[in-house]
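Colleague: Requesting a structural model of the entry that follows:
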Amino acid sequence: MAAAGAALWSRVRSVVMLDRRETRLFLASVTADSFGTGIFTATSVLYFTQIRGFDIAAVGLAISLGSLCAFVVGPRIGALADRWNPKRLLITLFIVRALGYGLYLQAKSYWVFVAIACVVTTADRASPAINQSLIGLIFDGKDRATLLGTVFSARNGAVVLGSLAATVPVVTGEPSMYLVGIGINACSFLGSALIIARLPVPDRPPQVADRAASKPAAPLRNGRYLLITVVNGVALTHNRILSLVLPLWIIQATSSPRWSLTALLALNGALAMASQIFVNRRFADFSSALHSSAWGGVAIAVACVAYAAAGDVSAAWMSFAVLLVAMLAHTAGECLFIASTPLSFELAERPALSRYLSFYNLGRVGQDLVGPVLVVAPLLRHGTPLWLLIAVIVLAAGVTPWLVMRHDPLATEAVR
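Modeller: Next up, the predicted model:
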């Protein structure tokens, strides 16, 4: 039994590349970053409303303004990474986030809070793209896809642990415990910065350095890249459904037991963590990433139809069974859309990789801005018709890249 366990662990280490120092450093950095984020996410609204006394609408406005700043400034940060160095810029962003979250402790004035929120949110939203750019400098092909999947799983696990740690301030309601949580979050970014500082980054390949002298085309003028960026923004509707719509939908519109909400969300997190690495490895090249996007659209569309159907079922156990099918499809779609990330690398102009990835990340920032307005309230108000409309939109978005680019030279080369 021990020998079998050792063999299995050796196989897992090989698959996820834990023997490589770069992999271990990336995972340690992501784990530290996400643990602090999990604490802050679970406690921030309570802290700002109950401890600082800000109105909930005012807090929402500050978050929206921060997302707007991130939308405007994000691509410029990506361009700076290409001219400077993605490793140095990522370390700088970690330090900015550490200082920003630390300053939240002193944000007694509302407008000071808004200013800090704009800086912190911009740094938060810019960091993933710069982190991916750094991964792209070190890894390629299936290794890159494997590490991206591993990073996703590690991030999810650390956020869950951080959320559990946040139980202490939430349950006790002690202001000092909230301050400790925010302090831990700030320190987590300093830890991540120290870890990334140890990361060995190779010089750019000579052909990339030569092409860097010529000005690459802007992502906005690259039709294929603009397409996948829009698709990414639409696909991320599944995040808004999971975090904002589903809790209210299950409680208000279905007969499923209330405990089913936490059970389904736990199932989603566990399945996504367990399967993302292997899904990413399966769809590692350009051609298979196109298929991953298409199948992701199909899966999320199926989930939306099942969510709608759960609202029309009167028996509690039957409603839960339909929601279970919906969550399985939802998790599959989530993993498949994440596995289509190679498109954002392969279609980018290599000398401007950070700029292109930052542009691609605008889909996520756009969802932060308009997703709650376009999805949450209308879905709860109109129910089944809007579920079906979202199913059609996400399906069309997921399939479109495959329809447009399945004969692209990159796809042909990947197959060859």
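Colleague: pull the CA atoms of stretch 303-318 into PDB?
Modeller: Provided in PDB are the C-alpha atoms of stretch 303-318 (Å, rounded to 0.1, in the frame of the first residue of the first chain):
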ATOM      1  CA  ALA A 303     -26.700  24.500 -16.900                       C
ATOM      2  CA  CYS A 304     -28.800  27.600 -17.500                       C
ATOM      3  CA  VAL A 305     -31.600  25.500 -18.900                       C
ATOM      4  CA  ALA A 306     -31.400  23.200 -15.900                       C
ATOM      5  CA  TYR A 307     -31.400  26.100 -13.400                       C
ATOM      6  CA  ALA A 308     -34.600  27.400 -15.100                       C
ATOM      7  CA  ALA A 309     -36.200  24.000 -14.900                       C
ATOM      8  CA  ALA A 310     -35.400  23.700 -11.200                       C
ATOM      9  CA  GLY A 311     -37.600  26.700 -10.600                       C
ATOM     10  CA  ASP A 312     -40.600  24.900 -12.200                       C
ATOM     11  CA  VAL A 313     -40.300  21.700 -10.100                       C
ATOM     12  CA  SER A 314     -42.500  21.500  -7.000                       C
ATOM     13  CA  ALA A 315     -41.000  18.500  -5.200                       C
ATOM     14  CA  ALA A 316     -38.000  19.500  -3.100                       C
ATOM     15  CA  TRP A 317     -36.000  16.400  -3.900                       C
ATOM     16  CA  MET A 318     -36.700  16.700  -7.600                       C
END
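Colleague: how about it: buried residues?
Modeller: Buried residues in stretch 303-318, defined by neighbour count with 16 or more other CB atoms under 10 Å: 303-311, 313. In short, each C-beta sits where N, CA and C put it, glycine included.
Colleague: count of neighbours near residue 215?
Modeller: Residue 215 has 10 neighbouring residues, counting by other CB atoms under 10 Å.
Colleague: May I have the secondary structure class of it?
Modeller: At residue 215 the chain is in coil, as set by DSSP: H, G, I helix; E, B strand; the rest coil.
Colleague: what pLDDT does it get?
Modeller: Reported pLDDT at residue 215 in the predicted model: 70.
Colleague: Dump stretch 148-160 to CSV, restricted to CA.
Modeller: Below are the C-alpha coordinates for stretch 148-160, written out as CSV (Å, rounded to 0.1, in the frame of the first residue of the first chain):
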residue,chain,number,x,y,z
LEU,A,148,-2.2,27.5,-15.3
GLY,A,149,-4.6,24.6,-14.2
THR,A,150,-2.5,24.0,-11.1
VAL,A,151,-2.5,27.7,-10.2
PHE,A,152,-6.3,27.8,-10.6
SER,A,153,-6.7,24.8,-8.2
ALA,A,154,-4.2,26.2,-5.7
ARG,A,155,-6.0,29.6,-5.8
ASN,A,156,-9.4,28.0,-5.2
GLY,A,157,-8.1,26.0,-2.3
ALA,A,158,-6.4,28.9,-0.7
VAL,A,159,-9.4,31.1,-1.0
VAL,A,160,-11.6,28.4,0.7
